[in-house]
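Novice: Model the structure of this input:
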Amino acid sequence: MTFKVIGLMELTDQNAFEEYRRQVGQTVELHKGLIYARGAITEIFWNELDCNSFSTYVELHFPSQEDAHAWVKSPQYQALVSVRSQAMKLTLFGVTL
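Specialist: The predicted structure is shown next:
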């Protein structure tokens with residue numbers, strides 16, 4: 001079963017984002033994950049939850065929820081959190097299928 005991690009992002013610093021983007025994929029792969037899709041949000045049909053604005057998204061796939069948790073808590077990913085915080089505002093959540 002695939003465990004998906006979805007990130008909704010509002011970019012705040014393009015240079016920091018490029019630095020983060022160059023490094024984050026390696027941390028995902030270390031934990032058996034895959035960056036499945038990413039892109040720009042071009043249209044929002046409904047926002048009844050009044051979510052803060054976001055302009056991009058990412059979809060990660062992991063073999064299990066445990067692998068996703070291991071990635072988020074890993075020293076490799078935690079080392080990127082300060083760059084991530086400079087680069088964007090982020091909502092990150094898991095989806096079980």
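Novice: what packs against the helix ranked longest in the chain?
Specialist: Secondary structure of the chain per DSSP state H: the longest helix is helix 14-30. Judged by 3 or more Cβ pairs under 8 Å, 6 or more residues apart in numbering; DSSP states H and E, helix 14-30 is in contact with strand 34-40, helix 65-73, helix 75-78, helix 81-87. For glycine as for every other residue, the C-beta is placed from the backbone atoms N, C-alpha and C.
Novice: Make CSV out of those and add distance to Lys4 and mean pLDDT.
Specialist: Formatted as CSV, the helices and strands packed on helix 14-30 follow (distance: least, Cβ to Cβ, whole Å; pLDDT from 0 to 100):
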stretch, distance to Lys4, mean pLDDT
strand 34-40, 8, 96
helix 65-73, 9, 97
helix 75-78, 17, 97
helix 81-87, 19, 97
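Novice: To Glu19, which of the ones you listed lies closest?
Specialist: Closest of these to Glu19 is helix 81-87, at 5.5 Å (criterion: Cβ to Cβ).
Novice: by contact count, what packs against that closest one?
Specialist: helix 14-30.
Novice: Give me the angle between the helix it packs on and strand 34-40.
Specialist: 160 degrees (axes from the mean of the first three to the mean of the last three Cα atoms, to 10 degrees).
Novice: For helix 14-30, buried residues please.
Specialist: Ala16, Phe17, Glu19, Tyr20, Val24, Thr27, Val28 (16 or more other Cβ atoms under 10 Å).
Novice: Next: stretch 70-83.
Specialist: So, applying 16+ other Cβ under 10 Å, buried residues of stretch 70-83: Ala70, Trp71, Tyr77, Leu80, Val83.
Novice: burial count for Arg84?
Specialist: For Arg84, the neighbour count with other Cβ atoms under 10 Å is 21.
Novice: no no, Ser55
Specialist: When neighbours are counted by other Cβ under 10 Å, Ser55 comes out with 12.
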